[in-house]
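> let me see the structure of the following:
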Amino acid sequence: MQQQAFDTYASTYDAHFTHSPIGIMQRKRVYYFLKKYLSNKEAILELNCGTGEDARYFLENTHSYFGTDISEGMIEVAKEKNKNFTQNFIALNCLHVEELPQSDFTLVFSNFGGLNCLSKNEISALSKSLQNKTSNKALLAFVIMGNNCIWENFYFKKIKSKLYKRRQTRDGVLAKIDNQEFKTFYYSPSEIEELFKGEFEFLDTKPIGLFIPPSYLNYFFKARLFLLSCLYFLEKLFANFSFQSNKADHYIIFLRKK
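Numbering: from 1, shown residues only. As a prediction, this is how the structure comes out:
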């Protein structure tokens, strides 16, 4: 179901999120926290690479790169977007987690809720798989939707009460894209740390979208860009602490191979 949903969404995903004001602001915050861990010698594996926006970022900064996604539609968009990059190795493939290539990756990256499509058992299996596919002291950097977003708690309590606290549902919730349903799971930073603790140690976590709203509010803020800019300013000024992570729309979590 996930594959079908994202295949149909691939052609419009960039317009709906990547190039939207909220999408741009949230991605800038991801790169702000990520860049202090990067060198120009990283061998990067991206999980759930989507339309290849992050592939372009990594390749522009001279990193070798391998991207994978279960959606053929997303991969086709990503290949077209990155067709002019020849200075570094790049491969984009339609692969499931269990089909990851054997390699010594130094950084494994997943952006904007890719891992929220996995159950706890699937994330545990991923942890074991990455142990055998990464180099010594490899870094994991995952951007995940937490389970206590203050924006969402307020919005759904006031506007759509049936969805209030949906992120705290333990068995996941059904999400819908273009009439295709798929399961979404929400995890706190401590839950992700626990699921990876056998093979990887926790380093840090930071909020992404504490003041910047979730992307489903683009319709409201596209006519209120000054207000959105003010929220972005507050994000840069005040959203820099680990304890805020699970209150944000997303958080970025960093783990290191033991």
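> tally of neighbours for E80?
Applying other CB atoms under 10 Å, we find 11 residues neighbouring E80. To be clear about C-beta, it is placed using only N, CA and C from the backbone, and glycine gets the same treatment.
> neighbouring contacts of the helix or strand hosting it?
Per DSSP states H and E, E80 falls inside helix 72-81. With contacts defined as CB atoms under 8 Å, 6 or more residues apart in numbering, helix 72-81 is touched by 3, 6-11, 13-14, 49-53, 55-56, 67, 69, 92-94.
> can you give me the helices in the stretch 101-250 of the chain?
120-131, 150-158, 189-196, 218-221, 225-238 (DSSP state H, counting those that start in this stretch).
> quick one: buried residues of the fourth one?
Pointing back at helix 218-221 there. N218, F221 (16 or more other CB atoms under 10 Å).
> quick one: average pLDDT of that helix?
In this model, helix 218-221 has an average pLDDT of 94.
> helices or strands up against the worst-scoring helix or strand of the chain on mean pLDDT?
Least confident element among the helices and strands of the chain, by mean pLDDT, DSSP states H and E: strand 173-177 (a mean of 77). With contacts taken as 3 or more CB pairs under 8 Å, 6 or more residues apart in numbering; DSSP states H and E, strand 173-177 sits against helix 2-13, strand 180-184.
> among these, show me which one is buried the most.
Highest mean neighbour count of the helices and strands packed on strand 173-177: helix 2-13, a mean of 18 (counted as mean count of other CB atoms under 10 Å).
> for that one, output the C-alpha coordinates as CSV.
Output in CSV follows, covering the C-alpha atoms of helix 2-13 (Å, rounded to 0.1, in the frame of the first residue of the first chain):
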residue,chain,number,x,y,z
GLN,A,2,2.8,2.4,0.8
GLN,A,3,4.4,1.9,-2.6
GLN,A,4,1.1,2.6,-4.4
ALA,A,5,0.4,5.7,-2.4
PHE,A,6,3.8,7.3,-3.0
ASP,A,7,3.9,6.3,-6.6
THR,A,8,0.8,8.3,-7.2
TYR,A,9,2.1,11.2,-5.0
ALA,A,10,5.5,11.4,-6.7
SER,A,11,4.6,13.9,-9.4
THR,A,12,3.1,16.4,-7.0
TYR,A,13,5.2,15.9,-3.8
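> buried stuff in the very next helix or strand once past that helix?
Remark: after helix 2-13, the chain's next helix or strand is helix 21-34, criterion DSSP H and E. Residues of helix 21-34 classed as buried by neighbour count (16+ other CB under 10 Å): P21, I22, G23, M25, Q26, R27, R29, V30, F33, L34.
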